[in-house]
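Engineer: the sequence and its predicted three-dimensional model are supplied below.
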Amino acid sequence: MAAWLGIWLGVAFTSAFVTGLISHFMQQPPGWLMWPSRPVNLYRVTQGLHVIGGLATIPLLLAKMWTVYPRLFQWPPVRSVGHAVERALIFVLVGAALFQVVTGLLNISYWYAFPFFFTSAHYWTAYILVGALVIHVVNKWPKVHRTVMKHPEDGLNRRGFLLGVAAASGTVAVTMVGEAFSPLAKVALLAPRRPGVGPQGVPVNRSAYAAGVNLAAANDPAWRLQVTGRVQRELSLSLEELQALPSHSARLPIACVEGWSAGATWHGIRLRDLLHMAGVAEDARVRLISMEVRGIFRTSWVNPRHWQDPLTLLALSVNGETLDLDHGFPCRLIAPNRPGVHQTKWVRQVIVV
């Protein structure tokens with residue numbers, strides 16, 4: 001059982017590591033890496049797989065620990081230097097695995113009961129986990145291979161236990177996948193967000209109240225969208241002037257780091273049209289500034305591949321209605337293949353660099 005569970009866990013952790021790297025580098029890309037704007041749903045799929053698959057790993061991890069826990073208390077605890085190193089690495093492996101699933105579960109539950117920044121801690125611990133896992137696999141592979149090949153169906157009780165673990169993981173996945181796959185939204189019992197639940201049928205992660213944006217400021221007649229920086233002509237447009245510009249619609253998802261996503265029809269001004277009005281170079285990077293008064297995501301960068309994409313909008317409405325304040329009224333960014341935290345709401349300034 002330990003051998004089979006180990007194989008399943010290895011596959012699950014590898015999938016979580018790869019999709020986690022995609023998420024991290026899409027949120028914090030190094031200077032040499034420019035993520036494409038297509039396919040539109042890439043981040044939605046990879047991050048959904050990361051979170052939902054990661055949660056489905058919890059029953060596997062608990063079952064694996066249950067099958068081997070007597071060995072943790074064997075006597076003598078250390079038989080040689082090599083055995084001491086092996087046990088130390090197993091301690092690191094188990095500790096890192098528990099840290100990842102526990103903090104990941106707390107993160108999607110929006111319960112930050114820890115003093116450190118989740119994103120950085122989760123990212124660096126992933127390398128520790130994968131490194132310890134690789135060493136463990138190399139060390140145990142000959143034994144695992146012999147066990148699996150010689151005893152593929154060793155005992156009804158063991159098969160039943162493995163089927164039970166698989167069923168538990170499958171149940172977790174089914175009751176979560178609806179947060180990203182709308183047809184199963186009704187059975188998404190464990191999901192913190194569901195498609196269709198929220199203002200104008202779209203979930204909200206960070207409300208205007210939490211962001212320090214009030215209705216009076218958003219409705220201020222003096223509000224204007226400023227386009228400044230490396231431009232041939234600066235722009236200062238009121239909401240009425242934005243609404244008078246040629247507008248377009250795009251069916252795009254909001255895909256969040258917590259794994260949930262929801263598609264919506266957005267209507268507004270193409271960002272590239274606005275930037276061409278200001279006269280910008282094709283290789284320019286754009287920084288959007290929000291009315292939000294606090295938070296590390298009150299600004300975001302848009303690279304050329306995204307702002308040149310015709311689906312990238314400064315949205316003024318969603319699903320046929322003027323943006324709700326919680327969705328970024330009077331103006332918000334919506335772009336394909338982009339994490340939700342970078343779909344800046346309450347945009348007040350566009351700076352070209």
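Structural biologist: Okay, I see it.
Engineer: residue ranges with poor pLDDT in the stretch 101-250 of the chain?
Structural biologist: Low-confidence segments of the stretch 101-250 of the chain (pLDDT under 70): 145-156.
Engineer: could you check how many residues crowd around the nearest residue to Ala185 once chain neighbours are set aside?
Structural biologist: Excluding the flanking residues, the one nearest Ala185 by CB to CB, 6 or more residues apart in numbering is Gly178, at 4.2 Å. Bear in mind the C-beta positions are built from the backbone N, C-alpha and C, glycine included. Gly178 has 21 neighbours, counted by other CB atoms under 10 Å.
Engineer: element containing Ile128?
Structural biologist: Using DSSP states H and E, Ile128 sits in helix 118-150.
Engineer: mind listing what's buried in the following helix or strand past that helix?
Structural biologist: Following helix 118-150 in sequence order, the next helix or strand is helix 156-177 (DSSP H and E). For helix 156-177, burial by neighbour count (16 or more other CB atoms under 10 Å) applies to 161-162, 165-166, 168-169, 172, 174-177.
Engineer: what is the end-to-end distance of stretch 236-253?
Structural biologist: Across its full length, stretch 236-253 reaches 29 Å between end residues, using CA to CA, to the nearest Å.
Engineer: how far is it from where the chain is centred?
Structural biologist: 28 Å (CA atoms, centre = their mean, to the nearest Å).
Engineer: again with stretch 33-43
Structural biologist: Averaging C-alpha positions (CA atoms, centre = their mean) puts stretch 33-43 13 Å from its chain's average.
Engineer: give the buried residues for stretch 215-224.
Structural biologist: 217-218, 223.
Engineer: hang on, I meant stretch 100-108
Structural biologist: For stretch 100-108, burial by neighbour count (16+ other CB under 10 Å) applies to 100-101, 103-104, 107-108.
Engineer: quick one: which of these sit in helices?
Structural biologist: Secondary structure assignment by DSSP state H places 100-101, 103-104, 107-108 of the buried residues of stretch 100-108 in helices.
Engineer: TSV for the residues you listed, including distance to Arg332?
Structural biologist: Output for those, formatted as TSV (distance: CB to CB, whole Å):
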residue	distance to Arg332
Gln100	32
Val101	33
Thr103	30
Gly104	28
Asn107	24
Ile108	23
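Engineer: going along the chain, name the helices of the stretch 1-150 of the chain.
Structural biologist: Listed from the start of the chain, the stretch 1-150 of the chain has helices (DSSP state H, counting those that start in this stretch) covering 2-27, 42-72, 81-108, 118-150.
Engineer: tell me the phi and psi of the residue lying farthest from the centre of the chain?
Structural biologist: Going by CA atoms, centre = their mean, the residue of the chain most distant from its centre is Pro76, 44.2 Å out. Torsion angles at Pro76 (phi, psi; degrees, to the nearest 10) stand at phi -70, psi 150.
Engineer: element containing Glu241?
Structural biologist: Per DSSP H and E, Glu241 falls inside helix 239-244.
Engineer: so what does the first helix or strand past that helix going along the chain touch, helix or strand wise?
Structural biologist: As assigned by DSSP H and E, the chain's next helix or strand after helix 239-244 is strand 248-255. Contact analysis of strand 248-255 by 3 or more CB pairs under 8 Å, 6 or more residues apart in numbering; DSSP states H and E lists helix 42-72, strand 261-270, strand 332-334 as its packing neighbours.
Engineer: in strand 248-255, what counts as buried?
Structural biologist: Across strand 248-255, burial judged by 16+ other CB under 10 Å covers 250, 252-255.
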